[in-house]
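J.: sequence and predicted structure below; questions after.
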Amino acid sequence: MRVLKLLAIFGACAAPVALAEGAPVTLSLADALERVLEVDEDYLGAREDVVKATAQITEAKSALFPRVALDASATKIFGLPTLLLEANSFGEGSPPEDIEFSAGYDENLNVGITATQPLYQGGRAWTAYRVSKSYYALAHEQLRQKLSDTVYNTTKAYYDAVLADEAVGVADTGVAVALSHVQATEDRYDAGLVSEYDVLRARVELTNLETAQRQAQDQRMAAARYVLTLLNLPPDTELALTDRLSYELEVYDLGESLAVAGERRPELTQLELTRLLAENNVKIARAGDNPSVYFSASFSEYADRFTLNFVDEWNDQTMLNLAVSWPIFDGFATRGRVRQARADLYKTELSKARLSEGIDVEVRGTYDGLKTAEATVRSQKENVTLAERGLDIAQARYDVGLMSNLEVLDAQAALTQARLGYYQSLHNYALAKLNMRRARGELDEIGL
C-alpha cells in the first residue's frame, strides 16, 4: 500500500505538466523575443508608422521641385457665334460692304507642356520639409519605445513563467519529503515509538503540501498561457522553458545611469522632437504674412482645325510668367495661428521638464531596488543552506527519538519556504535588472 501511495503521489506530480498532446515546444528567452517581434501588433504598427513618415519626407520635398504638366485638348464648338461689321463703320468706304465673321474657330487642337517652379514661399516649404524629417525621427523614437515595451512585457512574462516552474519543483520536492516523513512516522507508530497524533499531524501536513502543489501547477499553467498569448500561439501548447533563474551580478553606477537615461530614453527624445515640431509650427504660422513668388514656363502647339499636318497647319506658342502674391490682410488669421503654435510650444517645454524629473526619480528608485534585490538573493541563498542543514539535523534527531514530530514538520516547512524565497529573490533580481535597463533606455538593444 505504501508503494502504491508513493506511485500515486508522483503520478499526481507529473500529470498536470502537459498543456497539449505531443512533444512540448522548447522556448528560450531569445526565442520568445524573436517570436514576439514578428507578431506583436503594436510593434508592427509602429514599424509601419516609420514607413509612413519616410513617405511624408518625400511628399514634403516635392514642394521644392518644379511641377511639370503635359496638357492636350481637342475642342469642337457647335453654334459658334458670329460678328457683323457693317459697311462704312469706320467712315465712307471702310468697309465698303457688310462683313460677317466668326468669333473663333469651331475646331481647336492644343498640345502643350507647362513647368512651374516656386521661387519663394515665405519659408513654408523648407520648414515643412524640416517638419517631415522631425516626424520621421519621432516615429523612429516611438518605434524604439514600442520595442522597449514589447521586450519588457515578454521578458517579464517569461521570468514569471520560469518562477512558476520553479515553484512547482519546490512543491514537488516538499510533497516527496512529506510523504517520506509520513511513511517513517507510520513505521515508528507501528513500532510503538510515536502516538497516533504524530501520524495524523504528518498526514495533515502532506495534504496541505499537496494542495499547495496543485495551486503551484495552476499558477504555472496560467503563466504559460500568458506567454503563449503574447507569442500568438495556441493556448493549449505545452512549453518547455529552457532558461532558468540564476544570479548573474550586474553593477551599475548611479551617476552614469542618470546620464545614460537622459540621452537614451525614447520618451525624452520624443518630447524634444515634439518641441522642435512646435517651433517649426510657429515659423509656418508666421509665414502666412510672407509673399510667395512663382515662375512658370509653357510651350504649346495648336491648330484651328482637326488635322495631323504638323508642318503647315500647326503653330507654336511660348509663354513665360513670373507671379508674386503677398497677403495684405487675412482678418488676423495668421496672428491667431501664431498664438496657438506658441502655446503648444510652451506646453511641450513644461512637459519635458516634468518628464525629466520623473525619469530622474525612476532611475534612482530602480537603482535602489536593484541593490536591495542583490542583497536579498545572497541572504536567501544562505537561508536555504541553513534550512537544509536544519532539516538534516531534525530528521537525524527524530530518527533516534531526540526530537518531536512537530519540530521535523516545522523544519520541512522552513526549508520549503526558504527555497521558494530563494527563487522569488532570483526572480526579483532578474526583474530589477530588467527595470534598470528600461530606466536607462537600453531595452531596444535586444541582447539581454
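T.: Thanks, I have it.

J.: what's in contact with the lengthiest strand in the chain?
T.: Longest strand of the chain, by residue count under DSSP state E: strand 107-120. The contact list for strand 107-120 (Cβ atoms under 8 Å, 6 or more residues apart in numbering) reads 63-77, 125, 291-307, 314, 317. Quick note: C-beta positions are derived from backbone N, CA and C, even for glycine.

J.: need the buried ones from these selected in PyMOL.
T.: Per 16 or more other Cβ atoms under 10 Å, the buried members of the contacts of strand 107-120 correspond to this PyMOL selection:
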select buried, resi 125+292+294+296+297+298+300+302+303+314
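
J.: among the contacts of strand 107-120, which are located in helices?
T.: Mapping the contacts of strand 107-120 onto helices (DSSP state H) picks out Ala125.

J.: hang on, the earlier thing: ok, the longest strand of the chain: who's next to it in the sheet?
T.: Applying DSSP bridges, strand 107-120 is found paired with strand 67-76 (antiparallel), strand 292-303 (antiparallel).

J.: dump those strands to TSV, plus mean pLDDT and distance to Tyr226.
T.: Output for those, formatted as TSV (pLDDT from 0 to 100; distance: least, Cβ to Cβ, whole Å):
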stretch	mean pLDDT	distance to Tyr226
strand 67-76	91	55
strand 292-303	90	58
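
J.: and of these, who's closest to Asp49?
T.: Closest to Asp49 of these is strand 67-76 (Cβ to Cβ; 28.4 Å).

J.: who's in contact with that closest one?
T.: Outside strand 67-76, the residues that reach it (Cβ under 8 Å, 6+ apart) are 106-117, 300, 306.

J.: now swap in stretch 367-379 and tell me
T.: By Cβ under 8 Å, 6+ apart, stretch 367-379 touches 247, 249-250, 252, 254, 257, 422, 425-426, 428-429, 431-433, 435-436, 439.

J.: and what about Leu320, helix, strand or coil?
T.: Classification of Leu320 using DSSP: H, G, I helix; E, B strand; the rest coil returns strand.

J.: which residues of this structure fall in strands?
T.: 25-27, 67-76, 82-85, 99-102, 107-120, 239-241, 292-303, 315-325.

J.: how about the nearest residue to the most centrally placed residue in the chain, chain neighbours excluded?
T.: The C-alpha lying nearest the average C-alpha coordinate of the chain belongs to Lys146 (Cα atoms, centre = their mean; 1.5 Å). Leaving aside its sequence neighbours, Lys146 sits nearest to Ala46 (Cβ to Cβ, 6 or more residues apart in numbering; 4.1 Å).

J.: what count of nearby residues applies to the one you found?
T.: 21 (other Cβ atoms under 10 Å).

J.: then the one 5 residues further on?
T.: Residues lying near Val51 (other Cβ under 10 Å) number 10.

J.: how close does it get to Ile57?
T.: 11 Å (Cβ to Cβ, to the nearest Å).

J.: I figured the residue nearest to Lys146 hits Glu141, correct?
T.: No - judged on Cβ atoms under 8 Å, Ala46 makes no contact with Glu141 at a distance of 9.8 Å.

J.: now stretch 136-154: mean pLDDT?
T.: Across stretch 136-154, the average pLDDT comes to 93.

J.: in the stretch 101-250 of the chain, which spans are helices?
T.: 124-190, 196-230 (DSSP state H, counting those that start in this stretch).

J.: now the angle from the first one to strand 107-120?
T.: Inter-element angle recorded for helix 124-190 and strand 107-120: 70 degrees (by axes from the mean of the first three to the mean of the last three Cα atoms, to 10 degrees).

J.: how about the contacts of strand 67-76, which pair is most distant?
T.: By the measure Cβ to Cβ, Asp106 and Gln117 form the most distant pair in the contacts of strand 67-76, at 36.2 Å.

J.: in this structure, where is pLDDT below threshold?
T.: 1-22, 85, 87-88, 90-91, 93-95, 98, 100-103, 311, 446-448 (pLDDT under 70).

J.: need the outlier residue of it, farthest from its centre.
T.: Glu92 (90.9 Å).

J.: name the residues that touch stretch 121-137?
T.: Outside stretch 121-137, the residues touching it (Cβ under 8 Å, 6+ apart) are 50, 53-54, 56-57, 59-61, 63-64, 118, 269, 273, 276-277, 280-281, 283-284, 287-293.

J.: apologies, that question was intended for stretch 191-211.
T.: 9, 12, 171, 174-175, 178-179, 181-182, 185-186, 188-189, 401, 404-406, 409, 412-413, 416.

J.: list the buried residues in stretch 219-230.
T.: Buried residues in stretch 219-230 (16+ other Cβ under 10 Å): 219-221, 223-228, 230.

J.: make JSON lines from these and add distance to Tyr197 to it.
T.: Converted to JSON lines, the buried residues of stretch 219-230 look like this (distance: Cβ to Cβ, whole Å):
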{"residue": "Gln219", "distance to Tyr197": "33"}
{"residue": "Arg220", "distance to Tyr197": "35"}
{"residue": "Met221", "distance to Tyr197": "37"}
{"residue": "Ala223", "distance to Tyr197": "39"}
{"residue": "Ala224", "distance to Tyr197": "41"}
{"residue": "Arg225", "distance to Tyr197": "42"}
{"residue": "Tyr226", "distance to Tyr197": "44"}
{"residue": "Val227", "distance to Tyr197": "45"}
{"residue": "Leu228", "distance to Tyr197": "47"}
{"residue": "Leu230", "distance to Tyr197": "50"}
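
J.: list the contacts of the residue nearest to the centre of the chain.
T.: 42-43, 45-46.

J.: make JSON lines from those residues and add distance to Glu388 to it.
T.: Shown next, in JSON lines, are the contacts of Lys146 (distance: Cβ to Cβ, whole Å):
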{"residue": "Asp42", "distance to Glu388": "46"}
{"residue": "Tyr43", "distance to Glu388": "45"}
{"residue": "Gly45", "distance to Glu388": "51"}
{"residue": "Ala46", "distance to Glu388": "49"}
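
J.: show me how to select, in ChimeraX, the buried members of the residues you listed.
T.: To isolate the buried members of the contacts of Lys146 in ChimeraX, using 16+ other Cβ under 10 Å:
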select :43,46
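
J.: OK, contacts around Asp399?
T.: Counting by Cβ under 8 Å, 6+ apart, Asp399 has contacts Ala184.

J.: how close does it sit to Ser180?
T.: Distance from Asp399 to Ser180, counting by Cβ to Cβ: 12 Å.

J.: swap in Phe65?
T.: 84 Å.
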